[in-house]
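Participant: when you get a sec, could you give me coordinates for this:
(chains A and B)
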Amino acid sequence: MMEINKENINKWLQDLEAGKLNPEQEEAVYLFLENHPDFIPETHIHSLTEAFSENPVFDGKENLKVSVQEQTYAEYLIIGKAENILSEEEEDHLKKIFVINPVLKQDLEWYLKTRIVSEEIEYPFKEQLYREEKVFSLMPVLRMAAAFLLLAGLGSLLYFFVFQNPGNFALRGESFSSPAEKFRGRYVQNFSGKETKENNFERSGKAQRPRTVLYASGNQVKWVKQDIDPLNTFSLARHSNPRLPLFISPENPEILALTRSRNEELINRTEPEEVLVNEVSGEALMSEVKSFISGEPENKVKWYHFAALAGKGLSKMTGRPFKIYRLESDAEEDGLKIVAGNYIITRKN
Amino acid sequence: MSPGEYNQCVDLFADRLFRFLLKSVRDEDLAKDLVQDTFEKAWLNHEDIPFLKAKSWLFTTGYRTMIDGIRRGKKMVNMEVMPEVFAGNMPEPDLKKQLRLALEKLPDIQRSVILLRDFEGYDYKEIGEITGLTESQVKVYIFRGRTALKKFLVSMDNLI
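Facilitator: Got it, this is the predicted structure:
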């Protein structure tokens, strides 16, 4: 179709008047005149004015509204498809829309592109967010505990055997001159000096502590044991009752023999038993001395033991060391005599 | 949750919460502060927070802390001032770059719901719980946001 311009508009107007134009051509002429009002012929001004003021009704308005709604609904379905939230019914509906209007598939592709791809972004100060009560391994704690126990054990050994008894620590293989002598502050209690047997050494003044037991052969220490020998019942008894005196054997060389020819005065001398008053119990006669004098020991060993108890009591009362004498056969009497300071106690068999 | 579970939450969600807040406020320092504040609150209340709901709690608290911060007038950076962490050191594909630009142009609420949807995969109901919106509102904001993003991408495509 020929294009309408300023040169040929008059020809178009003539054709319009003659009714030769089809509706499209008429529409085109009116559009040209609307844009170029100077070319509107005066004869047409009235009719055109009437035409523009007629309030024309567009017949397809309702269809257009439906069309707009359907476009919105289609967009809803497309976004819903991109969001993956459509029901089966909506999915079917969208498929039909795509069949009718395939161009809309491009919209779906665009909407799918609006999905934001996740990025790996790391929070840089995560360590500051952790709290103290984290799950942690027990191994370091166990190692520390083991090290602590080891150090504590070594420290205890050092304390008990070196610092508590400097110079009193008997060593295996050491020798001593006489079985009856003190050995580094300990007393030999039951040692023949001839054969291998158990010998008890006790720390001076610390009888309540577990004793050191030396196993010796001759004059040489063969083994050192820092404990009480459970087989030695006397040791156990002494451990449980520290007030018990030292065990004294009849063969102990510390017990001196009295003979009438050499020690008559001492043999004859004795003290009235009544004067012996126990400072602790207040009894007229010390229980230890009483046991020594009037007790009925089962055997000779027990008898000497009673003598040792009495001697220790006397020693405590007088503040003097005590000695035990054995009456020899030439003294015409068999028995024991205890001397502590001015007090002398005799037990005759 | 126990202290051990709290620390597990740090491992699992600190990065994700930081990513969400960073994309939302577009200020790295502010996002770090928000993560710190959120986990501080989580630790104070850790005995009352069930471990299974910890993630939702963290995002809800993080989002609300962010909104409070904005209301108090904390700065929201200009789009031009983008921290390096966004781009990283790798060259971005064009689409990704355009999408990032488009996302920055969205209103805050639309950007937040789309980030929660795409980054964390929350459904509309969960996003509603986090942001305090109804499910329908979340849907509307997401649809509007998607439409705006699409228009932006199409216009950029036409320009090219």
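Participant: when you work out contacts or count neighbours from here on, use the C-alpha atoms and nothing else.
Facilitator: Will do.
Participant: and the residue of chain B nearest chain A?
Facilitator: Residue of chain B nearest chain A, by C-alpha to the nearest C-alpha: B:Asp15 (4.8 Å).
Participant: can you pull the contacts of that residue?
Facilitator: By C-alpha atoms under 8 Å, 6 or more residues apart in numbering or on different chains, the contact list for B:Asp15 reads A:121-123.
Participant: hmm, 6 Å instead?
Facilitator: Applying C-alpha atoms under 6 Å, 6 or more residues apart in numbering or on different chains to B:Asp15 gives the contacts A:122-123.
Participant: again, but for B:Asp118
Facilitator: Counting by C-alpha under 6 Å, 6+ apart, B:Asp118 has contacts A:Ile116.
Participant: buried set for the host helix or strand of it?
Facilitator: Per DSSP states H and E: B:Asp118 is located in helix B:108-120. Counting neighbours by 16 or more other C-alpha atoms under 10 Å in any protein chain shown, one finds that the buried residues in helix B:108-120 are B:109-119.
Participant: lowest pLDDT pick from the residues you listed?
Facilitator: Ranked by pLDDT, the buried residues of helix B:108-120 bottom out at B:Phe119, which has 85.
Participant: name the nearest residue to that residue, sequence neighbours excluded.
Facilitator: Leaving aside its sequence neighbours, B:Phe119 sits nearest to A:Ser118 (C-alpha to C-alpha, 6 or more residues apart in numbering or on different chains; 5.3 Å).
Participant: thinking again about what came up before, could you list every helix and strand in contact with the helix or strand following the helix holding B:Asp118?
Facilitator: Next helix or strand after helix B:108-120 toward the C-terminus (DSSP H and E): helix B:124-131. When contacts are defined as 3 or more C-alpha pairs under 6 Å, 6 or more residues apart in numbering or on different chains; DSSP states H and E, helix B:124-131 packs onto helix B:135-159.
Participant: show me the shaky parts of chain B.
Facilitator: B:73-93, B:158-160 (pLDDT under 70).
Participant: what parts of it come near chain A?
Facilitator: Proximity of chain B to chain A, by C-alpha under 6 Å from any C-alpha of the partner chain, involves residues B:3-4, B:7, B:15, B:18-19, B:118-119, B:150.
Participant: now find how far off-centre the one helix or strand B:Asp15 maps to is within its chain.
Facilitator: Secondary-structure assignment from DSSP H and E places B:Asp15 in helix B:3-25. Relative to its chain's centre, helix B:3-25 lies at 11 Å (C-alpha atoms, centre = their mean, to the nearest Å).
Participant: what residues sit buried inside it?
Facilitator: B:3-11, B:13-25.
Participant: quick one: name whatever helix or strand follows that helix.
Facilitator: According to DSSP H and E, the helix or strand after helix B:3-25 is helix B:28-44.
Participant: and that next one with helix B:3-25, angle?
Facilitator: Going by axes from the mean of the first three to the mean of the last three C-alpha atoms, to 10 degrees, helix B:28-44 is angled at 150 degrees with respect to helix B:3-25.
Participant: export the buried residues of helix B:108-120 to a markdown table and tack on distance to A:Leu31?
Facilitator: Putting the buried residues of helix B:108-120 into a markdown table (distance: C-alpha to C-alpha, whole Å) gives the following:
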| residue | distance to A:Leu31 |
| --- | --- |
| B:Ile109 | 46 |
| B:Gln110 | 44 |
| B:Arg111 | 46 |
| B:Ser112 | 49 |
| B:Val113 | 48 |
| B:Ile114 | 47 |
| B:Leu115 | 50 |
| B:Leu116 | 52 |
| B:Arg117 | 50 |
| B:Asp118 | 50 |
| B:Phe119 | 53 |
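Participant: low pLDDT regions in the stretch 151-300 of chain A?
Facilitator: A:160-286.
Participant: apply 80 and report the result again.
Facilitator: A:158-291, A:293-300 (pLDDT under 80).
Participant: A:Phe292: what's its closest spatial neighbour, skipping adjacent residues?
Facilitator: Closest residue to A:Phe292 apart from its sequence neighbours, by C-alpha to C-alpha, 6+ apart: A:Phe306 at 5.1 Å.
Participant: now the host helix or strand of that neighbour: buried residues?
Facilitator: Using DSSP H and E, A:Phe306 sits in helix A:300-318. For helix A:300-318, a neighbour-count test (16+ other C-alpha under 10 Å) marks A:302-315, A:317 as buried.
Participant: by contact count, what packs against it?
Facilitator: helix A:287-294.
Participant: run through who's touching the helix it packs on.
Facilitator: With contact meaning C-alpha under 6 Å, 6+ apart, helix A:287-294 is reached by A:306-307, A:309-310, A:347.
Participant: could I have that helix exported to CSV, CA atoms only?
Facilitator: Presented in CSV, the C-alpha positions along helix A:287-294 are these (Å, rounded to 0.1, in the frame of the first residue of the first chain):
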residue,chain,number,x,y,z
SER,A,287,51.0,-52.5,135.5
GLU,A,288,54.1,-53.4,133.5
VAL,A,289,56.1,-54.1,136.6
LYS,A,290,53.2,-56.0,138.1
SER,A,291,53.0,-58.2,135.1
PHE,A,292,56.7,-58.8,135.3
ILE,A,293,56.6,-59.7,138.9
SER,A,294,53.4,-61.7,139.2
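Participant: so it versus helix A:300-318, what angle?
Facilitator: With the same axes, to 10 degrees defining the directions, helix A:287-294 sits at 140 degrees from helix A:300-318.
Participant: how close does B:Ile130 sit to B:Asp27?
Facilitator: According to C-alpha to C-alpha, to the nearest Å, B:Ile130 stands 21 Å off from B:Asp27.
Participant: cool, B:Asp94 as well?
Facilitator: For B:Asp94 relative to B:Asp27 (C-alpha to C-alpha), the value is 23 Å.
Participant: more neighbours: those two, which one.
Facilitator: A direct count of neighbours by other C-alpha atoms under 10 Å in any protein chain shown for B:Asp94 and B:Asp27 places B:Asp27 higher, at 19 against 9.
Participant: follow-up on the earlier one: now the residues of chain B next to chain A as a markdown table including distance to A:Ser156?
Facilitator: Below are the residues of chain B next to chain A laid out as a markdown table (distance: C-alpha to C-alpha, whole Å):
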| residue | distance to A:Ser156 |
| --- | --- |
| B:Pro3 | 40 |
| B:Gly4 | 40 |
| B:Asn7 | 43 |
| B:Asp15 | 54 |
| B:Phe18 | 56 |
| B:Arg19 | 59 |
| B:Asp118 | 68 |
| B:Phe119 | 64 |
| B:Lys150 | 82 |
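Participant: ok so, going back, how near is the residue nearest to B:Phe119 to A:Leu94?
Facilitator: From A:Ser118 to A:Leu94 the distance is 28 Å (C-alpha to C-alpha).
Participant: which of those two has more neighbours?
Facilitator: A:Leu94 (23 against 13).
Participant: what helix or strand is the closest residue to that one other than its chain neighbours located in?
Facilitator: What sits nearest to A:Leu94 in space, not counting adjacent residues and going by C-alpha to C-alpha, 6+ apart, is A:Leu77, at 6.3 Å. Assigned by DSSP H and E, A:Leu77 belongs to helix A:61-83.
Participant: again with B:Leu95
Facilitator: helix B:94-105.
Participant: between that helix and helix B:135-159, how many degrees?
Facilitator: Using the same axes, to 10 degrees: helix B:94-105 against helix B:135-159 is 130 degrees.
Participant: buried sites along helix B:94-105?
Facilitator: Within helix B:94-105, judged by 16+ other C-alpha under 10 Å, the buried ones are B:98-105.
Participant: count the residues that sit near the residue nearest to A:Ile97 when sequence neighbours are not counted.
Facilitator: Distance criterion C-alpha to C-alpha, 6+ apart; nearest residue to A:Ile97, sequence neighbours excluded, is A:Ala74 at 7.1 Å. If you count neighbours by other C-alpha under 10 Å, A:Ala74 ends up with 18.
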